[in-house]
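>>> would you be able to build a 3D model of this:
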Amino acid sequence: LSEAKRAEAKFKWGQFLNQQFSVDTLQQDAWLFRQRSDDGKLPEQSVAAIHTLAETETIAKLATGIKRFSLPDEFNPIRIFQSVSQGEGSFAKSAAWELIQISLNRRQYPQAAEQLQSYLTRFADRDEWKRNLLDNILQPRLSFDSVPTQLAGQPAKLSLLFRNATQVDFTARRVDMEKILQDTKTYYRNFRPQQANNGFGKMANEPVPNLTSPASLFDENKIDAYLLEQVAEWNQPLEPRPNHWDRRVQVETPLLQAGLYLVEGAVGTKAQPNAQRVRILVSIEDTALVQKPLGDDQWLLVGSDAASGQAIAGANIEMFGFGWDHSQNNNGGRPKMITENFAARTDVDGMAKVKVKQGLQWFSVLRTKQGRRALLGFQPFWNYGLNSPSHAELKAFGVSDRPIYRPGETIKAKFWLGFATYGDE
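So this is what the prediction gives:
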């Protein structure tokens, strides 16, 4: 065989062995890696201790179960990839990349970083995503976990996942929900299907956001038209784990008042090219608005205090709906966007009945003079009618002299047929 064919054969043999004996075979048993101690340390003496593996060892799922064992060099994919990577050509580069992936999958990030730096230098690889991968291993990184809506009057809490960071700086700005609601109504009132650009808020190709969590408006720094004043700024010291591993901590914010906030976390400085900023929307509520369909094109809306459940009387509830009018007599036979907008007021029990048009999607906003606000995002309304069920059903019962008959035999059977009624029916 030529050197190129020899390298190809060894590389494919290494790939096959890696599929059979690598830690990737544990993917179906991911629950093993959730068993950690309270201090966040990974277990040292278990099948989940993949970060402790030597180059001659592996942990794999075999037919006899999950085992930790040593591999002889001729069946060790690491040794085979190392041998191929020392050569020249495309398979040497591919083998070097496989070694990086093995280290990453074993959570041996310092070793993976060294291998990746050597790979980028040796092969003069200019792929930006590979350089970003190296930065993601070595540089401070943050991400927020999603959090549920939280109750006003107590500090809102966030969940932060980080690595390599010793401090994170936070800022919080209030989101202008009234402007988002107004732009939503303007969008549907002015919508024309024949127009090529119907972007939300006069922004090209921007879709209408989810009103209860309009995160899509804040994916880019340029979309800050819906932010109000900064209401808080604080920082939190962090203790990173060794070996570039992730750690999750809870962050207590100074946010107490009801509203929707954009919280931004930052590590590094503007002078550092690897500085990172992450964002999350935090919803804090002091008022709840719920709805219940009543039939006859009606909804029952109820406003109450989010903590005590006390009814909120005299609140204004704005209703806005949109949908398509498919009447052939409109707009030259093309469907036309129609909207409806009206308001109702809650009674002493915090309730209001509204009559809404079928086929439209509606959002509801409760507001009070004291500044309370609660929102229900777009809800479709379809009235299928309420049918009073009848409990008088026709029932039939039958018996026969045998369970099965041959062709030509006489069937002897008796049936009872009648209505099963309940009450006065």
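>>> need the pLDDT of the residue lying closest to Y187 once chain neighbours are set aside.
In space, and not counting its chain neighbours, Y187 is closest to F200: 5.4 Å by C-beta to C-beta, 6 or more residues apart in numbering. All C-beta atoms are positioned from the backbone trio N, CA, C, and that covers glycine. Turning to F200, the model gives it a pLDDT of 78.
>>> F200 contacts P207, doesn't it?
Yes - F200 lies in contact with P207 (C-beta atoms under 8 Å); the separation is 6.2 Å.
>>> who has more neighbours, the two?
Comparing F200 with P207 by neighbour count (other C-beta atoms under 10 Å), the higher total belongs to F200, at 19 against 12.
>>> gap between the more buried one and I411?
Counting by C-beta to C-beta, to the nearest Å, the separation of F200 from I411 is 71 Å.
>>> which SSE is immediately downstream of the lowest-mean-pLDDT helix or strand in the chain?
Here the helix or strand of the chain ranked lowest by mean pLDDT, DSSP states H and E is strand 373-380, holding a mean of 83. As assigned by DSSP states H and E, the chain's next helix or strand after strand 373-380 is strand 393-400.
>>> and the average pLDDT for the following helix or strand past that next one is what?
Downstream of strand 393-400, the first helix or strand assigned by DSSP H and E is strand 413-420. Per-residue pLDDT over strand 413-420 has a mean of 88.
>>> ok, and the closest non-adjacent residue to the residue nearest to the spatial centre of the chain?
Geometric centre of the chain, nearest residue: S146, 7.6 Å, by C-alpha atoms, centre = their mean. Excluding its sequence neighbours, the residue lying closest to S146 (C-beta to C-beta, 6+ apart) is I280, at 7.7 Å.
>>> where does the one you found fall, secondary structure wise?
Going by DSSP H and E, I280 is in strand 276-285.
>>> what about that strand, distance to the chain center?
Centroid displacement of strand 276-285 relative to its chain, using C-alpha atoms, centre = their mean, to the nearest Å, is 14 Å.
>>> between that strand and strand 373-380, how many degrees?
100 degrees (axes from the mean of the first three to the mean of the last three C-alpha atoms, to 10 degrees).
>>> buried residues in strand 276-285?
Residues of strand 276-285 classed as buried: Q276, V278, I280, L281, V282, S283, I284, E285 (neighbour count, 16 or more other C-beta atoms under 10 Å).
>>> who does the last one bridge with?
Going back to what we said before, that points to E285. Legend: beta-bridge partners of E285 under DSSP bridges are L151.
>>> show me what contacts it?
When contacts are counted by C-beta atoms under 8 Å, 6 or more residues apart in numbering, E285 touches T149, Q150, L151, A152, A258, A306, A374.
>>> over to the fifth one?
Residues in contact with V282 (C-beta under 8 Å, 6+ apart) are V147, Q150, A156, L158, A172, T253, L255, L260, Y261, L262, V263.
>>> would JSON lines of those residues with neighbour count and distance to E55 be doable?
Below are those laid out as JSON lines (neighbours: other C-beta atoms under 10 Å; distance: C-beta to C-beta, whole Å):
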{"residue": "V147", "neighbour count": "16", "distance to E55": "41"}
{"residue": "Q150", "neighbour count": "19", "distance to E55": "48"}
{"residue": "A156", "neighbour count": "22", "distance to E55": "47"}
{"residue": "L158", "neighbour count": "21", "distance to E55": "40"}
{"residue": "A172", "neighbour count": "19", "distance to E55": "48"}
{"residue": "T253", "neighbour count": "19", "distance to E55": "45"}
{"residue": "L255", "neighbour count": "22", "distance to E55": "49"}
{"residue": "L260", "neighbour count": "21", "distance to E55": "51"}
{"residue": "Y261", "neighbour count": "23", "distance to E55": "49"}
{"residue": "L262", "neighbour count": "21", "distance to E55": "47"}
{"residue": "V263", "neighbour count": "21", "distance to E55": "43"}
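>>> and which of those is nearest W324?
L260 (29.6 Å; C-beta to C-beta).
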